[in-house]
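> sequence unknown, structure follows:
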């Protein structure tokens, strides 16, 4: 199993995305609930130590999930997507403290997401090293935008080594 490192949660106004140190990659993920459509969306962005987008994903979920459930699904999708992109050392960042604590095995996992969390944890065996941490919403704007973009996607859309137009400006702001 991959090595886990954790950081204590600190409530901060942190507004900037921070690049990982090489050879690490950072995967930010977020979920969005589309109440009227009874659907949800997932956004995942994987970036390198230069802040460059390595891969990005917007996925529409055709199910009426709640906030914590879609955040757990976003984590599951982020872990799967990082693996598929060949990433083996990854910092996984989510703005859901419940999901981060569940992935770190710090708290009892809510019954509604226990199977998703266990599935995500079982996907980690091939990684060399992983870290899960909470990020404030202001540090997760790119993933949030991709999750919202999922509303306009039929099933899912992935970008590899290109920056989706919908997040271009946010990515530039992050690295400046």
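Cool, got the structure. Since we're looking at a predicted model, the values are computed, not measured. Residues are numbered from 1 along each chain as shown.
> CA atoms for contacts and neighbours, from now on please.
Will do.
> given the host helix or strand of residue 40, what are its sheet partners and their directions?
Here residue 40 sits within strand 39-47, counting by DSSP states H and E. Looking at strand 39-47 with DSSP bridges, its partner strands are strand 25-34 (antiparallel), strand 53-61 (antiparallel).
> list the buried residues in the longest helix belonging to the chain.
In terms of residue count, the longest helix belonging to the chain (DSSP state H) is helix 67-84. Using 16 or more other CA atoms under 10 Å as the burial criterion, the residues of helix 67-84 that qualify are 68-79, 81-83.
> any idea which residue sits dead centre in the chain?
The C-alpha lying nearest the average C-alpha coordinate of the chain belongs to residue 29 (CA atoms, centre = their mean; 1.8 Å).
> and that residue, bridged to which residues?
residue 44, residue 94.
> that one and residue 44 touch, don't they?
Yes: taking CA atoms under 8 Å as the definition, residue 29 is a contact partner of residue 44 at 4.4 Å.
> ok so, going back, what's the angle between the longest helix of the chain and strand 53-61?
Taking axes from the mean of the first three to the mean of the last three CA atoms, to 10 degrees, one finds helix 67-84 and strand 53-61 inclined to each other by 140 degrees.
> what mean pLDDT does stretch 71-86 have?
Stretch 71-86 shows a mean pLDDT of 97 in the predicted model.
> kindly report the same for stretch 29-39.
96.
> next: stretch 16-24.
Computed over stretch 16-24, the average pLDDT equals 86.
> just the buried residues of it, please?
If you call a residue buried by 16+ other CA under 10 Å, then stretch 16-24 has these buried ones: 16-17, 19-20, 24.
> what about stretch 113-132, distance to the chain center?
13 Å (CA atoms, centre = their mean, to the nearest Å).
> mean confidence score for that stretch?
95.
> give me the three-state assignment for the residue lying farthest from the centre of the chain.
Within the chain, residue 36 marks the point farthest from the mean C-alpha position, 23.8 Å out by CA atoms, centre = their mean. Residue 36 carries the three-state label coil when classified by DSSP: H, G, I helix; E, B strand; the rest coil.
> what touches both of residue 29 and residue 44?
Residues touching both residue 29 and residue 44 (CA atoms under 8 Å, 6 or more residues apart in numbering) are 74, 78, 143.
> residue contacts, the second one?
If I follow you right, that is residue 78. Contacts of residue 78 (CA under 8 Å, 6+ apart): 27-29, 44, 92.
> just residue 149 next, same as before
Residue 149 sits next to 41, 43, 58, 166 when contact means CA under 8 Å, 6+ apart.
> and those, which of them are buried?
For the contacts of residue 149, buried by 16+ other CA under 10 Å: 41, 43, 58.
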